[in-house]
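**Q** I need the structure of the sequence given here:
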Amino acid sequence: MRTITKDQLRKLQSQHENLLLIDVLPEEYYRKQHIPGAINIPLKDNDRFVEQVQKKTRSKGQQIVVYCKN
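**A** Next up is the predicted model:
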């Protein structure tokens with residue numbers, strides 16, 4: 001896992017149409033504001049987080065970016 005900048009994220013979004021962007025904040029924050037194209041899988045559901053991510057991925061090689069408020 002590595003940290004990327006906003007500019008690096010924009011580049012990834014423009015280059016990879018198969019990018020899975022996950023907002024891990026609680027649903028009420030996601031509803032207020034999120035990056036376009038992101039899905040919400042709250043990290044508070046920690047015990048089911050990996051399972052939920054696996055359900056959303058299209059392939060094992062799919063690139064995934066996880067973000068939160070900070």
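
**Q** looking at this protein, which helix or strand is least sure?
**A** Within the chain, no helix or strand scores below helix 46-56, which has a mean of 88 by mean pLDDT, DSSP states H and E.

**Q** Any chance you could list what contacts that helix?
**A** Residues outside helix 46-56 that contact it (Cβ atoms under 8 Å, 6 or more residues apart in numbering): Leu20, Ile22, Val24, Ile39, Ile41, Leu43, Asp45, Ile64. From N, CA and C alone the C-beta is placed, and that goes for glycine too.

**Q** tell me, how many neighbours does the last one end up with?
**A** Neighbour count of Ile64, defined by other Cβ atoms under 10 Å: 12.

**Q** What pLDDT does the model give it?
**A** Per-residue pLDDT puts Ile64 at 92.

**Q** From Leu12, how far out is it?
**A** Per Cβ to Cβ, to the nearest Å, Ile64 is found 10 Å from Leu12.

**Q** Check the spacing between the most centrally placed residue in the chain and Tyr30 real quick.
**A** Centroid-nearest residue in the chain, with Cα atoms, centre = their mean: Ile22, separated by 1.5 Å. Noted for Ile22: a distance of 10 Å to Tyr30, by Cβ to Cβ.

**Q** re the thing from before, look up the residues that both of Ile64 and Leu12 are in contact with.
**A** Leu19.

**Q** Checking Val65 next. Helix, strand or coil?
**A** Under the three-state scheme (DSSP: H, G, I helix; E, B strand; the rest coil), Val65 adopts strand.

**Q** wait, it sits on Arg10?
**A** No. With contact defined as Cβ atoms under 8 Å, Val65 does not reach Arg10; the gap is 11.1 Å.

**Q** These two: who's more crowded?
**A** Neighbours were counted for Val65 and for Arg10 using other Cβ under 10 Å; Val65 has more, 17 against 12.

**Q** Bridge partners for Ile22, pull those for me.
**A** Beta-bridge partners of Ile22, counted by DSSP bridges, are Ile39, Val66.

**Q** In contact with it: list those residues for me.
**A** Ala38, Ile39, Asn40, Ile41, Val53, Lys56, Ile64, Val65, Val66, Tyr67.
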